[in-house]
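> predicted model and sequence follow; I will ask about them next.
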Amino acid sequence: MTNSPLFPLWQVDPQEYNAICAYLDISPQPQLFDKLADYLLQAPFVFTRPKGFALFLAKPGLSKFRIARLDMLSKFLFRDHPVRFILNAVIALHECDGKGYVELSAAPVGWQVPFSLLRWGAGFVLSLAITMVWFFWNYMKYLIALPFQAKNDLSGKRVLITGVSRGLGLEILLYSLQQGADVVGTVRNRQAYAELIAQLPETAPVKLVIADLSQVNGITQALQENQITSDSIDIAVLCAGIKHSDTSVLSLEKIRETFQVNCFSSMELSKWLCCAEHKTSLVLISSIGRWHGMHSSAGYNAAKSALSIWGESLEMELYAMGRKDCSIMIVEPGIFESGMMKKSASSQFLFASRRKLAERIICGALAGKKTLRYPYWFALLTWTICLGGRNFQNYFFARARKSIGKEQ
């Protein structure tokens, strides 16, 4: 799935765990970290999600300095802050371990006691002073950024996401769960279902549905068979897709499959959702590649182009009908790491953060945004290449594809 924490607001990576141990003056232990990871995996669905300034403080990664500041603040002001539960969990796990118990229970004796108390008191006063300055500095930054903060709270909302077994679909699933959503996700087969369900916490409010999007109406039939109603969906992110690399655009069988999965299945699902008398936000995941052709990919760019144009046409039609119960956002991202595209030495600087893209998609849907292109500089680069004309595109994309293909 991913080597990074599934829910970064609550979980810690090995580097952060080492920083926590350094702050507590205990030794990191890999076997205890594994238990900590299992425990914190349940945290988003057990504890109250931080909001406002507490959420602002919870987003950056943990360092020894930040842990010291947040430890003090969470004792007095933000008792529900994630770091409070993380620190308590680390202490509890180490207390139950022989080596950890010895380290945590170590205390001065004899003549060392008064000097230790004096040192502890001075350290507390100094830490309190630093924390107060740090607190007000961060609060000022929070107030300045507040008008630009996008909505991301999905509490009480049901989100439908297609293609959640990997890539962007998986990232959107994890982000939606962390933000408090009830999620319905589709996977392609039983193997993908078993692999994903084994890695998600049992307490996660997610329902996985096996749907073959290569079959006509396969997505809507699967949802109906699982008793998912169209009027129960608040946001639908249609991002399932396939890409046949090194396959000619004259391979009509692959072309039909590409269009069915990447385009027609989204059309079928959109029709099913728009027929409901319920306000639903539709998110169509296209590609910035929809602005140009690409050889040897079985019409992937063509299918994404069709999806973008169809989404715009659907919006026009709904507008003409006076339908305000459906909003449509078309997402045309640049390249990011997925099963379709791997990082290489020559292309890694072009890759966008998949986690940031997932966050922007959800925030955009909540804000009723029409179009999302992330990162925007990649869109500008693409349009510049397209302005060079078809001869330049033929030369550029042929060399780019050949270069990346060799490294992969």
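Great, that's in hand. Numbering: from 1, shown residues only.
> residue ranges with poor pLDDT in the chain?
Scanning the chain for pLDDT under 70 picks out the ranges 1-3, 339-347, 400-408.
> so in it, which helix runs the longest?
The longest helix of the chain (DSSP state H) is helix 112-145.
> now that helix: buried residues?
131, 134-135, 138 (16 or more other C-beta atoms under 10 Å). For glycine as for every other residue, the C-beta is placed from the backbone atoms N, C-alpha and C.
> then stretch 370-381?
For stretch 370-381, burial by neighbour count (16+ other C-beta under 10 Å) applies to 372-375, 378-379.
> ok, and what's touching that stretch?
By C-beta atoms under 8 Å, 6 or more residues apart in numbering, the residues outside stretch 370-381 that reach it are 288, 315, 328-335, 350, 352, 356-357, 360-361, 364.
> the same query, at a cut-off of 10 Å, please.
Contact with stretch 370-381 is made by 283, 285-286, 288, 291, 308, 311-312, 315, 327-336, 350-353, 356-357, 359-361, 363-365, 382-383, as judged by C-beta atoms under 10 Å, 6 or more residues apart in numbering.
> any of the residues you listed buried? List them.
Buried by 16+ other C-beta under 10 Å: 283, 285-286, 288, 291, 308, 311, 315, 327-336, 350-352, 357, 359-361, 363-365, 382, out of these.
> from these, which land in strands?
Among the buried ones among the contacts of stretch 370-381, the ones falling in strands (DSSP state E) are 283, 285, 327-331.
> mind telling me the two of the residues you listed farthest from one another?
Pairwise distances across those (C-beta to C-beta) peak at 15.4 Å, for the pair Ile285 and Ser327.
> quick one, domains of this structure?
14-148, 158-407 (automatic domain parsing).
> what ranges does the protein have for its strands?
Using DSSP E, strands in the chain cover 158-162, 182-187, 206-210, 235-238, 280-285, 326-331, 371-372.
> just checking: what are the partner strands of the fifth one?
Here strand 280-285 is paired, per DSSP bridges, with strand 235-238 (parallel), strand 326-331 (parallel).
> relative to the whole chain's centre, how far out is that strand?
Its chain's C-alpha centre lies 16 Å from the corresponding centre of strand 280-285 when counted by C-alpha atoms, centre = their mean, to the nearest Å.
> ok, now the fourth one?
For strand 235-238, the gap between its own C-alpha mean and the chain's C-alpha mean amounts to 14 Å (C-alpha atoms, centre = their mean).
> and if you look at the third one?
Here the centre of strand 206-210 is set off from its chain's centre by 18 Å, with C-alpha atoms, centre = their mean.
> same thing with the second one?
Going by C-alpha atoms, centre = their mean, the spacing between the C-alpha centre of strand 182-187 and its chain's C-alpha centre is 14 Å.
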